[in-house]
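Trainee: Let's see this in three dimensions:
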Amino acid sequence: MKVQFGRINFRVDTVNRFRSFSKIYGKTHSEVLEGMLDFFEKYQLSPFQDFGPTMRGMEANIKKRINSMIAILKDIEKHQTKPTTSMLQLLFEQTTPKEKQPELLLEEFTEVEQEDELFGASGDTHLQEEKDTLQRDLDRTKSILEDILWIKIKIIKPAFGKEKLQLEMTVAEYRKLKEQLKKR
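Mentor: From the prediction side, this is the model:
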């Protein structure tokens, strides 16, 4: 295929300037002009558009904006996201403070002893029956909870990440359990 050439008339000073520009890039005049046209079309720029003092000034301005956005995001992460994440992790962790547990059991035990003394001293059979009923309900609820904790919940150890708990219960079993607890 034969390449055809056309002519365009330019002022002599513009032609000299374009020739020196073409020499800088070591291309033919046609290649340099095509590259310039492609550049303006690709980035949708006008050669008559003013970009300020330099493109570097625009770049510095953009970098400042990006740095300020990074600072804002870090502040959000520090004051909003991390505390929320840590609270959720504490909520879902299965850790109990070992020091406080015996104290709680001791307090509960002394409260039960005090209640027994009150019931025995007053001789009120109605209160004793109510206490027995509540104790049976508590025992049933404890057995249901133990069933869920020891039988229905399995520890899953993934290849990556932390161990997780999985509840192995059908929807029907869940609804039945929910109804049982509602009745009490």
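Trainee: For the host helix or strand of Asn61, name the packing helices and strands.
Mentor: Secondary structure assignment for Asn61, by DSSP states H and E: helix 55-76. For helix 55-76, not one helix or strand is in contact under the criterion 3 or more C-beta pairs under 8 Å, 6 or more residues apart in numbering; DSSP states H and E. To be clear about C-beta, it is placed using only N, CA and C from the backbone, and glycine gets the same treatment.
Trainee: C-alpha coordinates for the helix or strand just after it, CSV please?
Mentor: Downstream of helix 55-76, the first helix or strand assigned by DSSP H and E is helix 82-92. Extracted in CSV, the C-alpha atoms of helix 82-92 (Å, rounded to 0.1, in the frame of the first residue of the first chain):
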residue,chain,number,x,y,z
LYS,A,82,-11.7,-0.4,65.8
PRO,A,83,-13.7,0.1,69.0
THR,A,84,-16.8,-1.4,67.4
THR,A,85,-14.8,-4.3,66.1
SER,A,86,-13.2,-4.9,69.5
MET,A,87,-16.5,-4.8,71.2
LEU,A,88,-18.0,-7.3,68.8
GLN,A,89,-15.0,-9.6,69.3
LEU,A,90,-15.4,-9.4,73.0
LEU,A,91,-19.0,-10.2,72.6
PHE,A,92,-18.4,-13.3,70.6
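Trainee: What residues of helix 82-92 count as buried?
Mentor: Residues of helix 82-92 include none that count as buried (16 or more other C-beta atoms under 10 Å).
Trainee: Now do that helix: which elements does it pack against?
Mentor: Using 3+ C-beta pairs under 8 Å, 6+ apart, helix 82-92 sits against no helix or strand.
Trainee: Check the secondary structure at Ile8 for me.
Mentor: coil (DSSP: H, G, I helix; E, B strand; the rest coil).
Trainee: Counting neighbours, what do you get for it?
Mentor: Ile8 has 6 neighbours, counted by other C-beta atoms under 10 Å.
Trainee: re the thing from before, got the CA positions of the helix holding Asn61 in CSV?
Mentor: Provided in CSV are the C-alpha atoms of helix 55-76 (Å, rounded to 0.1, in the frame of the first residue of the first chain):
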residue,chain,number,x,y,z
MET,A,55,0.9,19.8,35.6
ARG,A,56,3.1,19.2,38.6
GLY,A,57,1.1,21.8,40.5
MET,A,58,-2.0,19.8,39.7
GLU,A,59,-0.3,16.6,40.8
ALA,A,60,0.8,18.2,44.1
ASN,A,61,-2.8,19.4,44.7
ILE,A,62,-4.2,15.9,44.1
LYS,A,63,-1.6,14.4,46.4
LYS,A,64,-2.6,16.8,49.1
ARG,A,65,-6.2,15.9,48.7
ILE,A,66,-5.4,12.2,48.8
ASN,A,67,-3.3,12.6,51.9
SER,A,68,-6.1,14.5,53.7
MET,A,69,-8.6,11.7,52.7
ILE,A,70,-6.2,9.1,54.1
ALA,A,71,-6.0,11.1,57.4
ILE,A,72,-9.8,11.2,57.5
LEU,A,73,-10.1,7.5,56.9
LYS,A,74,-7.4,6.7,59.6
ASP,A,75,-9.3,8.9,62.1
ILE,A,76,-12.6,7.1,61.3
